[in-house]
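Enquirer: this is a predicted model, with the sequence first.
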Amino acid sequence: MASKLSRLEENAYVEKPTAHTMDDARKFLAAVKKTGKIVQVGTQRRSTPSYMKAAEYIKSGQFGDIVMVEMTWNVQSAGALAQARGRTTS
């Protein structure tokens, strides 16, 4: 990952994991600092087994031609529930 960052020309979003060892994590951090770019690390669940299986199924063509996709993401966090009930969390 760090070697790829050395060629970074724009700000980037990268998905976890960025490193598997502390040494690699330090190299990653040094490479990010050297680029002077913004690098955000996170996850969009693409590497979750169920999402990977769904992508595999879609790519297999078993659905036929896909002409529309609609998605709903329901996050049931304590903060979201409190907000929905008109309360704030501390």
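Expert: Received the coordinates, thanks. Values in this document were obtained by computation on a predicted structure and should not be read as measured data.
Enquirer: the bottom helix or strand of this protein by mean pLDDT?
Expert: Least confident helix or strand of the chain, by mean pLDDT, DSSP states H and E, is helix 78-84 with a mean of 66.
Enquirer: from residue 16, how far off is the closest residue to residue 51 other than its chain neighbours?
Expert: Nearest non-adjacent residue to residue 51, counting by CB to CB, 6 or more residues apart in numbering: residue 45, 5.4 Å away. C-betas here are computed from N, CA, C, even on glycine. Residue 45 is 11 Å from residue 16, where distance means CB to CB, to the nearest Å.
Enquirer: check contacts around the residue most central in space within the chain.
Expert: Taking CA atoms, centre = their mean, the centroid of the chain lies closest to residue 43, which sits 2.4 Å from it. Residues near residue 43 by CB atoms under 8 Å, 6 or more residues apart in numbering: 15-16.
Enquirer: that one and residue 15, how far apart?
Expert: Distance from residue 43 to residue 15, by CB to CB: 6 Å.
Enquirer: could you list every helix and strand that the helix or strand harbouring residue 41 packs against?
Expert: Per DSSP states H and E, residue 41 falls inside strand 39-42. The contact analysis (3 or more CB pairs under 8 Å, 6 or more residues apart in numbering; DSSP states H and E) places strand 39-42 against strand 12-15.
Enquirer: centre of the chain to the following helix or strand past the strand it packs on, how far?
Expert: Next helix or strand after strand 12-15 toward the C-terminus (DSSP H and E): helix 22-35. Counting by CA atoms, centre = their mean, to the nearest Å, helix 22-35 is centred 19 Å from the centre of its parent chain.
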